[in-house]
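A.B. asks: Generate coordinates for the sequence data below:
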Amino acid sequence: MMDSMTGAVELGLLYALMALGVYITFRILDFPDLTVDGSFTTGGAVAAIMIAHGYSPLLACFAAFAAGLVAGACTGLLHTKGKINGLLSGILMMIALYSINMRIMGKPNISLLNVDTIFTSVSPITVVLIIVIVFKLLLDAFLHTDLGLALRATGDNARMIRSFGANTDNTTILGVSISNGLVALSGALIAQQSGFADISMGIGMIVIGLASVIIGEAIFGARTVFQATLAAVLGSIVYRIVVALALRVEWLKASDLKLITAIIVIIALVLPSVQRAIKQKAAAKRRSAELIALAVKMNKGGDR
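C.D. replies: Numbers count the residues shown, from 1 in each chain. Just a heads-up that it's a prediction; the model follows:
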């Protein structure tokens with residue numbers, strides 16, 4: 001039980017960078033970016049092929065991050081300069097990346113067994129924890145710069161920020177690029193931790209990223225940037241722990257992972273709405289009771 005929980009925390013940290021990337025597009029930019037499913041595999045493919053050819057694992061991680069930046073920039077350009085709908089831009093890039101990833105890898109699967117990775121000589125959970133903390137703090141610092149504030153304002157009200165002379169196209173491209181860079185880095189780390197890169201490793205990543213962000217915000221809140229990014233990281237860990245616990249149920253199989261993910265996301269999306277509805281009903285009942293009490297009081301006063 002303890003080993004499975006440790007493994008869940010480790011996996012949660014590995015996917016936390018991907019959750020941070022999804023947070024940038026879906027929460028800050030309000031951009032439905034489906035490039036994630038492709039760029040995650042791109043990161044794993046680039047890292048795997050470089051490590052397999054004898055390059056440094058650290059250099060492979062930087063190359064994976066750069067490849068993600070390029071993939072995100074292409075999606076941003078399709079949307080801003082090509083005037084293609086944001087959702088469709090992500091879908092088109094995701095489809096294109098499947099063929100690109102096959103070109104990078106040369107075959108559907110690359111093994112990283114018996115080769116040195118970033119986790120070879122150090123505990124994986126220690127390495128990933130340091131990487132996640134560094135990138136989380138760097139992202140927090142960036143979002144408080146003038147450019148970061150422009151990025152946040154673009155997601156809140158693009159028309160208003162344009163009226164102040166800011167170029168929303170550039171901020172959108174930048175945001176989507178950083179997002180996919182983080183996603184690709186997460187893919188590179190996952191490939192090294194699992195010992196292989198696969199052409200289908202990115203399928204469903206956008207749902208996992210959304211689940212992490214939504215669960216994190218529901219449990220830990222997102223009133224400030226620091227709290228929101230922390231919620232995304234912790235949400236990723238909580239999500240993996242929930243999945244690990246769910247898979248311990250006798251009648252659930254490992255093949256039910258996608259179904260479990262979908263159910264978790266549905267619950268995370270529906271629960272806040274239900275809570276709001278209950279609060280609104282309770283508030284309405286209180287107001288009705290106050291009005292009735294006031295009416296009774298006025299009637300009594302009139303009788304006198």
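A.B. asks: which residues does Leu112 contact?
C.D. replies: Contact partners of Leu112, counting by C-beta atoms under 8 Å, 6 or more residues apart in numbering, are 48, 51-52, 191-192, 195-197. (Glycine included, C-beta is placed from N, CA and C.)
A.B. asks: let's see 10 Å
C.D. replies: For Leu112, the contact set (C-beta atoms under 10 Å, 6 or more residues apart in numbering) comprises 44, 47-48, 51-52, 57, 191-197.
A.B. asks: what's Ala197 sitting at in phi/psi?
C.D. replies: The phi and psi torsions at Ala197 (degrees, to the nearest 10) take the values phi -120, psi 130.
A.B. asks: That one - nearest residue in space that isn't next to it in sequence?
C.D. replies: For Ala197, the nearest residue in space outside its immediate sequence neighbours is Ala48; the separation is 3.5 Å by C-beta to C-beta, 6 or more residues apart in numbering.
A.B. asks: So that neighbour, which state does it fall into?
C.D. replies: Assigned by DSSP: H, G, I helix; E, B strand; the rest coil, the conformation of Ala48 is helix.
A.B. asks: can you check the one 3 residues further on too?
C.D. replies: Reduced to three states with three-state DSSP, the structure at Ile51 is helix.
A.B. asks: hang on, isn't it packed against Phe196?
C.D. replies: No. Applying C-beta atoms under 10 Å, one finds Ile51 not in contact with Phe196, separated by 11.0 Å.
A.B. asks: So the two - more neighbours on which side?
C.D. replies: Neighbours around Ile51 and Phe196, counted as other C-beta atoms under 10 Å, are more numerous at Ile51. The numbers are 24 against 15.
A.B. asks: Quickly list what's touching both of Ile51 and Phe196.
C.D. replies: Common neighbours of Ile51 and Phe196, using C-beta under 10 Å, 6+ apart, are 110, 112.
A.B. asks: Disregarding residues adjacent in the polypeptide, which is nearest to Val225?
C.D. replies: Using C-beta to C-beta, 6+ apart and skipping residues adjacent in sequence, the residue nearest Val225 is Leu143, 5.0 Å away.
A.B. asks: what's the spacing between the one you found and Phe196?
C.D. replies: Computed as C-beta to C-beta, to the nearest Å, the Leu143 to Phe196 distance reads 34 Å.
A.B. asks: Let me know how buried the spatially closest residue to Arg152 that is not a sequence neighbour is, in neighbour terms.
C.D. replies: Taking C-beta to C-beta, 6+ apart as the measure, Arg152 lies nearest to Ile28, with 5.6 Å between them; neighbours along the chain are not counted. Close neighbours of Ile28, defined as other C-beta under 10 Å, add up to 22.
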